[in-house]
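Have a look; sequence and predicted model below, questions after that.
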Amino acid sequence: MTAWNELNSREKSRELPQAVKRQIAPGMARYVFIHDDLEVDNPTVDSSGRYFVSPREYGFSIRGFKGGKTAWARDFSGGTMLVVNAEGLSHVLSPKIPARILFVADDGAVLQDTGLTDLTPARVPDLTTVRLTINATFDLHGENPEAARTLLMRMVDRAVLSGPRQGESEAVVVDHMFESSAVVGTGDGSDRRRSSDTDFSQLLDI
């Protein structure tokens, strides 16, 4: 199953969400996307991972493909995620049988197909944890200090999810979380660090 040509060609929107390849278990990588602030790698189960749901709940729609195939599909930057039955022929899914999830690049290359058996031995991940403390000073321009805190968290989250630039590193982030966040200084600026004093000093467990 290498050709997934849509019967009705469409022009993709330029403003598409991102799907990234993430290691979700030792030796297992999947394309994931963000939905309601959670990473989703299987759009046939709910947020708890226990109950079957329709991919429609995650913004997928039914599309037709050559050869009479149908699939649940959703476009992302760099490709399209497809959800089909175990045979790879239909969008009709069964709660009792795991669905087949593909990620097809814009050029038609199949980058992921969970229905294919990976015969390569599972690689034992070489994991390390990095803790980073950031102090950033904002010029609020009338915004509430709490808005600045939320904005910084979103900026850091987007940067982590985007990963390293191509060729920069082979390291892959497999999980991340915010341990704490707080506004530590407000007022006329006398009790805040200068913007050039952003603190990246605490790098632990490297």
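Looks like it arrived, so ask away.

what pLDDT does S90 get?
On pLDDT, S90 comes in at 96.

So it sits against V84, correct?
Yes. The criterion here is CB atoms under 8 Å, and S90 meets it with V84 at 6.4 Å. C-beta here means a position set from N, CA and C on the backbone, and glycine is covered the same way.

any shared contact partners between the two?
With contacts taken as CB atoms under 8 Å, 6 or more residues apart in numbering, S90 and V84 have 69-71 as neighbours in common.

And the residues you listed, which is closest to M153?
Compare each of the shared contacts of S90 and V84 with M153 using CB to CB and the shortest gap goes to A71, at 35.2 Å.

name the helices or strands packed onto the helix or strand hosting the closest one?
Taking DSSP states H and E as the criterion, the element that holds A71 is strand 69-76. Using 3 or more CB pairs under 8 Å, 6 or more residues apart in numbering; DSSP states H and E, the elements in contact with strand 69-76 are strand 61-65, strand 79-84.

Pick the most deeply packed of the ones you listed.
strand 79-84 (a mean of 24; mean count of other CB atoms under 10 Å).

what's the domain layout of this protein?
The chain breaks down into these domains under automatic domain parsing: 19-113, 126-206.

Where do the strands of the protein begin and end?
With DSSP state E as the definition, the chain shows strands at residue ranges 19-25, 28-35, 38-40, 61-65, 69-76, 79-84, 100-105, 110-113.

ok so, going back, in TSV: the helices and strands packed on strand 69-76, plus distance to D175 and mean pLDDT.
Listed next are those as TSV, based on distance: least, CB to CB, whole Å; pLDDT from 0 to 100:
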stretch	distance to D175	mean pLDDT
strand 61-65	30	95
strand 79-84	21	96
